[in-house]
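S.K.: A structural model of the following input is requested.
(one chain, ligands or ions: 2)
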Amino acid sequence: MSQAAIGIIGGSGLYKMDALKDVEEVAIDTPFGKPSDAIILGTIDGTRVAFLARHGRNHHLTPSELPFRANIYAMKSLGVQYLISASAVGSLKEEAKPLDMVVPDQFIDRTKNRVSTFFGDGIVAHIGFGDPVCHNLATVLADAVASLNLTDSTLHRGGTYVCMEGPAFSTKAESHLYRSWGATIIGMTNLPEAKLAREAEIAYATLALVTDYDCWHPDHDSVTVDLVIANLQRNAVNAQKVIQETVRRLTEHPPTSDAHSALKYAILTPLDKISATTKEKLNLLLQKYL
Ligand SMILES: CSC[C@H]1O[C@H](OP(=O)(O)O)[C@H](O)[C@@H]1O
Ligand SMILES: Nc1ncnc2[nH]cnc12
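M.R.: Ligands and ions are numbered 1, 2, ... in the order given. Here you go, the predicted model:
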């Protein structure tokens with residue numbers, strides 16, 4: 001099957017990548033079901049890239065309905081080693097303005113209905129997640145943003161992304177609570193993805209595109225989908241430029257990543273005690289340790 005070392009997951013408003021050439025659509029089935037949509041394989045300036053629209057190209061899946069495991073497994077099956085998420089987020093800080101970009105380095109989990117692990121069914125593993133984002137990949141991503149000198153968007157390096165369940169946006173009390181925790185941005189999708197990517201030994205980083213001030217800001221109307229999409233469409237051109245530049249830099253200097261060996265000391269169950277069925281289901285993740 002065709003392979004790509006770099007994967008992109010496009011969120012709300014980013015349903016395709018114009019820079020992707022020679023595209024081929026691949027419908028992948030995984031032991032965890034089907035991904036959100038077909039994966040679009042192609043090249044960006046000669047580098048193979050796999051693109052997936054997180055909510056489907058017609059945005060038909062809510063955050064709680066997303067097949068996170070199938071999405072990450074499908075990326076792994078294509079050989080993806082670096083995964084970049086482009087995501088719409090609300091801002092929890094005055095200085096992170098709509099149209100700005102944030103490359104977060106921490107997450108807070110406020111989800112309730114997500115399956116965020118490949119393990120279970122007779123195999124136990126606990127990956128380290130103290131640093132949930134790959135520092136080296138995030139640095140390449142943030143450096144790519146900085147190199148473009150975008151006039152209409154300020155870059156914020158680091159910051160905490162609160163991942164809420166949704167699909168309704170937060171209450172004001174929740175929004176103020178997250179601000180009191182020092183969090184920078186809020187979204188509904190990235191945390192399960194980051195956990196599963198780590199379990200799959202894929203380096204993961206997020207390009208967060210600020211679309212609104214959530215509902216805490218006294219001078220801004222509460223968040224609406226219209227506002228999110230309008231601001232994302234304004235920012236989608238910049239986001240694609242950033243991704244293109246990041247792909248160029250990753251191709252020139254592929255960074256090392258601790259994520260690439262995340263399972264080395266994480267599996268507790270003796271490998272000879274794992275059932276054949278579970279072994280087969282997780283073979284893609286486990287094969288280098290078997
Ligand atoms: C359309 S507003 C809420 C929606 O947008 C974000 O999606 P994504 O992370 O896929 O860009 C947010 O997480 C919500 O799912
Ligand atoms: N304010 C917000 N809350 C949660 N997810 C979002 N995505 C974009 N804006 C958001």
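S.K.: from now on I want contacts and neighbour counts done on CA atoms only, so please keep to that.
M.R.: Will do.
S.K.: in this structure, what helix or strand scores lowest on average pLDDT?
M.R.: The weakest-scoring helix or strand in the chain, judged by mean pLDDT, DSSP states H and E, is helix 225-252 (a mean of 92).
S.K.: list the buried residues in that helix.
M.R.: Neighbour counts over helix 225-252 (16 or more other Cα atoms under 10 Å) mark 228-229, 231-233, 235-236, 238-251 as buried.
S.K.: cool, and stretch 157-168?
M.R.: 157, 158, 159, 160, 161, 162, 163, 164, 165, 166.
S.K.: cool, and stretch 41-53?
M.R.: 41, 42, 43, 44, 47, 48, 49, 50, 51, 52, 53.
S.K.: check stretch 104-120 too.
M.R.: Those would be 104, 105, 106, 107, 111, 114, 116, 117, 118, for stretch 104-120 by 16+ other Cα under 10 Å.
S.K.: so what's residue 119 up against?
M.R.: residue 125 (Cα atoms under 8 Å, 6 or more residues apart in numbering).
S.K.: show the pLDDT at it.
M.R.: Residue 119 is assigned 98 on the pLDDT scale.
S.K.: what residues of the helix or strand harbouring residue 284 count as buried?
M.R.: Assigned by DSSP states H and E, residue 284 belongs to helix 283-286. Within helix 283-286, the residues scored as buried using 16+ other Cα under 10 Å are 285, 286.
S.K.: and that helix, what's its mean pLDDT?
M.R.: 96.
S.K.: starting at the chain centroid, how far to that helix?
M.R.: 21 Å (Cα atoms, centre = their mean, to the nearest Å).
S.K.: now do that helix: everything it contacts.
M.R.: Taking Cα under 8 Å, 6+ apart as the rule, helix 283-286 contacts 76, 77, 199, 200, 201, 279.
S.K.: now, which of those residues lie within helices?
M.R.: 76, 77, 199, 279 (DSSP state H).
S.K.: and these as CSV, adding pLDDT, distance to ligand 2 and neighbour count?
M.R.: Listed next are these as CSV, based on pLDDT from 0 to 100; distance: Cα to the nearest ligand atom, whole Å; neighbours: other Cα atoms under 10 Å:
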residue, pLDDT, distance to ligand 2, neighbour count
76, 98, 26, 23
77, 98, 29, 17
199, 98, 24, 27
279, 95, 36, 20
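S.K.: so which of the residues you listed also contact ligand 1?
M.R.: The overlap between the ones in helices among the contacts of helix 283-286 and the neighbours of ligand 1 (Cα under 6 Å from any ligand atom) is empty.
S.K.: between the residues you listed, which is nearest residue 25?
M.R.: Closest approach between the ones in helices among the contacts of helix 283-286 and residue 25, by Cα to Cα: residue 77, at 14.7 Å.
S.K.: how close does the nearest residue to that closest one once chain neighbours are set aside get to residue 139?
M.R.: Using Cα to Cα, 6 or more residues apart in numbering and skipping the chain neighbours, the partner closest in space to residue 77 is residue 284 (7.1 Å). Relative to residue 139, residue 284 is positioned 28 Å away (criterion: Cα to Cα, to the nearest Å).
S.K.: up against ligand 1, what does the stretch 1-150 of the chain have?
M.R.: 11, 12, 54, 63, 87, 88, 89.
S.K.: filter the residues you listed by proximity to ligand 2?
M.R.: Within these, those near ligand 2 by Cα under 6 Å from any ligand atom are 88, 89.
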